[in-house]
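# With the sequence up front, the predicted model follows.
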Amino acid sequence: MASVVEALRVKLGEDAVLTDEPMSGHTTFRTGGPADLFIMPKSLEEVKESIHILQQYQTPFMVIGNGSNLLVSDKGIRGAVLQIGGRMSKVIADDEYIYAEGGTLLAVLAAKAAENALTGLEFASGIPGTVGGAVTMNAGAYGGEIKDVLVSVEVLTKELEIKTIPAACLELAYRHSILSQNGSILLSASFQLQKGSADAIKSKMMELAEQRREKQPLQYPSAGSTFKRPEGYFAGKLIQDAGLKGKSIGGAQVSEKHAGFVINTDNATTQDILDLIIFCQQTVYEKFNVVLETEVKFVGEN
C-alpha cells in the first residue's frame with residue numbers, strides 16, 4: 001500500500017491522498033469506518049492519472065461524490081475511494097445553458113441558475129448530492145428530475161476514454177441511468193434551462209425549502225429518502241401504516257416526522273441503520289406483501 005500512496009502523492013500532492021480516512025466524515029449518514037486510501041483529484045487529468053496508478057498497483061477503488069446515498073460498513077472500505085467533490089466543482093452559465101463539473105453540489109448548481117434567472121432546477125435546491133451522483137441516479141424531487149433539464153454528459157469510461165454522451169442515450173428513468181451499470185465516471189454535465197424571473201425562481205426555492213423543513217427531519221444525519229417509491233405506493237406511508245414510525249435500533253430511528261427517512265439520532269453505527277432498514281423491509285413485506293427497495297447503496301467490507 002505504501003508504494004501506491006507514494007505514487008499518487010507524487011502526481012497529486014500530499015494533501016490529495018489520505019490514508020485510513022474515516023468515511024463518517026464523507027457520508028451524510030455520518031457513519032462508516034476508514035477507507036484505506038481517500039483520493040481527492042482536482043481535474044480530469046488527475047482522475048485519469050489516479051485510476052491509472054490504482055490499476056498499475058492492482059488496487060480496487062470506488063468513486064463517490066458527496067456520500068449522500070451511501071451507507072458505508074463500520075469496518076470501512078478496503079482499497080481506495082476516489083472523490084469527485086469540491087475540488088471539481090466549476091460551474092459556468094451561458095445564456096440558457098449551465099455547465100457543471102461532477103463534484104458540484106446540486107444546491108450550488110440551483111443557486112447559479114437562480115442568479116442567472118434560469119428556471120428548471122428549483123427542485124434540486126434541497127437535494128444534498130453532487131451533479132455526478134444526481135445524474136447517475138437521475139435524482140428528483142417535487143415533480144422535477146435531472147432528465148428534464150440534462151443535455152449531455154462528459155464521462156471517463158472504464159477504458160479511460162473521455163466521451164460526451166447525449167442525455168437521450170443515458171436511459172434515464174426513476175433513480176436510474178446507464179452510468180450506474182457501465183462503470184463510467186461522470187466528469188461534467190450540461191443543462192438547458194429557460195429564462196425566467198429571478199424573483200419568482202428564488203421564491204419557489206424558498207417555498208420548497210420551507211416544505212422540506214416542515215416535512216423532513218433535516219436536523220438529523222440521513223441519506224434523504226431511504227427507500228425507492230414502490231409502484232402504486234409510497235414507502236413512508238407503508239412504513240407508517242406498519243406502525244414503525246419512531247422505531248429505533250441502537251442510534252438509528254425511523255423518523256417521527258417522515259417515516260420514509262431512517263435517521264441517525266444518537267451516534268448510530270452503520271449496522272444500527274442497516275438492521276433498522278432490514279426490519280422495515282421485513283415488516284412491510286409481511287403486512288402488505290410489498291418489497292421496499294433502498295435508494296441507499298451499501299458499500300465497504302462485508
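Everything's here; your move. Treat the numbers as computed from the prediction; the structure is a model and nothing was measured.
# distance of the closest residue to Leu70 other than its chain neighbours from Ser73?
In this structure, Leu70 finds its nearest non-sequential neighbour in Thr27, 5.0 Å apart by C-beta to C-beta, 6 or more residues apart in numbering. To be clear about C-beta, it is placed using only N, CA and C from the backbone, and glycine gets the same treatment. Using C-beta to C-beta, to the nearest Å, Thr27 is found at 11 Å from Ser73.
# Gly196 too?
For Gly196 relative to Ser73 (C-beta to C-beta), the value is 44 Å.
# what about the residue nearest to Leu70, distance to Thr157?
Distance of Thr27 to Thr157, given as C-beta to C-beta: 26 Å.
# ok, these two, which is more surrounded?
Legend: neighbour count by other C-beta atoms under 10 Å for Thr27 and Thr157, higher for Thr27 (24 against 13).
# got a list of what the more buried one touches?
Thr27 makes contacts with 67-68, 70-72, 223, as judged by C-beta atoms under 8 Å, 6 or more residues apart in numbering.
# Tell me the one among those residues nearest to Ile84.
Of all the contacts of Thr27, Ile84 sits closest to Gly67, with 11.3 Å by C-beta to C-beta.
# Give me the neighbour count for the residue nearest to Lys245 when sequence neighbours are not counted.
Nearest residue to Lys245, sequence neighbours excluded (C-beta to C-beta, 6+ apart): Ala259, at 4.7 Å. Ala259 has 25 neighbours, counted by other C-beta under 10 Å.
# next one: Phe234
14.
# I'd say it and Asp241 touch.
No: between Phe234 and Asp241 there is no contact under C-beta atoms under 8 Å: 9.9 Å.
# For Leu170, which residues are in contact?
When contacts are counted by C-beta under 8 Å, 6+ apart, Leu170 touches 135, 147, 150, 153, 177-179.
# Would you mind checking those residues for buried ones?
Buried by 16 or more other C-beta atoms under 10 Å: 135, 147, 150, 153, 177, 179, out of these.
# and the residue nearest to Leu70, backbone torsions?
Per-residue torsions, Thr27: phi -130, psi 150 (degrees, to the nearest 10).
# now it: how far from Glu295?
Thr27 is 14 Å from Glu295, by C-beta to C-beta.
# so what sits against both of these two?
Residues touching both Thr27 and Glu295 by C-beta under 8 Å, 6+ apart: Ala223.
# if we can go back for a sec, inside helices: which ones of the buried ones among the contacts of Leu170?
135, 179 (DSSP state H).
# Identify, from the buried ones among the contacts of Leu170, the entry nearest to Ala2.
Minimum distance to Ala2 across the buried ones among the contacts of Leu170 is 33.1 Å, recorded for Leu179 (C-beta to C-beta).
# Grab the nearest non-local neighbour of the closest one.
Using C-beta to C-beta, 6+ apart and skipping the chain neighbours, the partner closest in space to Leu179 is Thr136 (4.6 Å).
# do the same with Leu218
Nearest non-adjacent residue to Leu218, counting by C-beta to C-beta, 6+ apart: Arg212, 6.3 Å away.
# Roughly how far does the one you found sit from Thr283?
Counting by C-beta to C-beta, the gap from Arg212 to Thr283 is 27 Å.
# Contacts for stretch 226-234, please.
Stretch 226-234 has contacts (C-beta under 8 Å, 6+ apart) with 174-175, 235, 238-239, 260-262, 277, 280, 288, 290-296.
# Please list the members of the residues you listed that lie in strands.
Val262 (DSSP state E).
# Make a PyMOL selection of the buried ones in the contacts of stretch 226-234.
PyMOL command restricting the contacts of stretch 226-234 to the buried ones, with burial defined by 16+ other C-beta under 10 Å:
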select buried, resi 175+235+238+239+260+261+262+277+280+292+294+295+296
